[in-house]
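> Could you work out the structure for the sequence below:
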Amino acid sequence: MLNLQIVNAQKNDYIPSGEIISKKIEKKYPSHTFSNFIYVDINKQKLFLLDNRVTIKKYNISTSKRGLGNKSNSLQTPEGLHKIKSKYGQGVPIGGILDHRKFNGEIASINLDTTSTAIDIICTRVIRIIGLEDGVNKGGDVDTYLRKIYLHGTNEEGLIGKESSHGCIRMKNQDIVDLFDRVNKDMLIVMLDNLWYNL
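Predicted coordinates for the structure are as follows:
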């Protein structure tokens, strides 16, 4: 039993190369080529930015405290193939509150400890995404875009690395600024929980 626990721990800590990530995702989505894209690893609570199949940045994130799910009003984080639809917040100061994706002039107080404030503030930058899989994350009651699922800065930075959001992908405010400046509209985003299980 101890050996199995050690193997599982090592597997959970294992971070494959960008080339392996790209190949694994291409097996799942053979109609697409993955060279420059974002991979959100929900199990590891990490986001990987790949350029020419090389991981150039890795960020800690937080996905939904309710787990995975694509249904409207579930407050869960959707899985599957997406792309960047639009970006908001260029020039907004760190902690600037984005109300309906527009800076309202207020600055959030950033909580750095691990207690929940019970207040979900969207701040600093917003990257809005749209699903690309009909019936999975696009259309009907599973539409990621209509659910307003974002990558965004948060007032609860102390909870980054743990499942704590209301469905969006939360990032530290400096990290979302860095990612925002590196990515463009239409970049593919893959959000999965089980990419590594068959390695």
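
> List the buried residues for the helix or strand that contains Leu81?
For Leu81, the element it lies in under DSSP states H and E is strand 80-88. Buried residues in strand 80-88, defined by neighbour count with 16 or more other Cβ atoms under 10 Å: 80-84, 87-88. Every residue, glycine included, has its C-beta placed from N, CA and C.

> same thing with stretch 153-170?
153-165, 167-170.

> In PDB, could you pull the C-alpha coordinates for stretch 165-175?
Only the C-alpha atoms of stretch 165-175 are listed here, as PDB (Å, rounded to 0.1, in the frame of the first residue of the first chain):
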ATOM      1  CA  SER A 165     -13.700  29.700  -7.400                       C
ATOM      2  CA  HIS A 166     -17.300  29.900  -8.600                       C
ATOM      3  CA  GLY A 167     -16.500  28.300 -11.900                       C
ATOM      4  CA  CYS A 168     -13.900  30.700 -13.400                       C
ATOM      5  CA  ILE A 169     -10.100  30.200 -13.400                       C
ATOM      6  CA  ARG A 170      -8.700  32.500 -10.800                       C
ATOM      7  CA  MET A 171      -5.100  33.700 -11.000                       C
ATOM      8  CA  LYS A 172      -2.800  35.900  -8.900                       C
ATOM      9  CA  ASN A 173      -3.100  39.400 -10.100                       C
ATOM     10  CA  GLN A 174       0.500  39.800 -11.300                       C
ATOM     11  CA  ASP A 175       0.100  36.400 -13.000                       C
END
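
> Identify the residues contacting that stretch?
With Cβ atoms under 8 Å, 6 or more residues apart in numbering as the test, stretch 165-175 has contacts from 40, 47, 59-66, 74-78, 94-95, 110, 120, 122-124, 147, 149-154, 156-157, 159-160, 164, 179, 191.

> average pLDDT for it?
Averaged over stretch 165-175, pLDDT sits at 97.

> try stretch 27-40
Stretch 27-40 comes out with an average pLDDT of 95.

> Can you pull up the most central residue in the chain?
For the chain, the residue nearest the mean C-alpha position is Ile169 (4.0 Å; Cα atoms, centre = their mean).

> The closest residue to Arg101 other than its chain neighbours: what's it in contact with?
Take Arg101 and drop its neighbours on the chain: the residue closest to it by Cβ to Cβ, 6 or more residues apart in numbering is Tyr88, 4.2 Å away. With contacts defined as Cβ under 8 Å, 6+ apart, the neighbours of Tyr88 are 98, 101-102, 125-126, 128.

> beta partners for Tyr88?
Val126 (DSSP bridges).

> so what pLDDT did it get?
At Tyr88, the model reports a pLDDT of 98.
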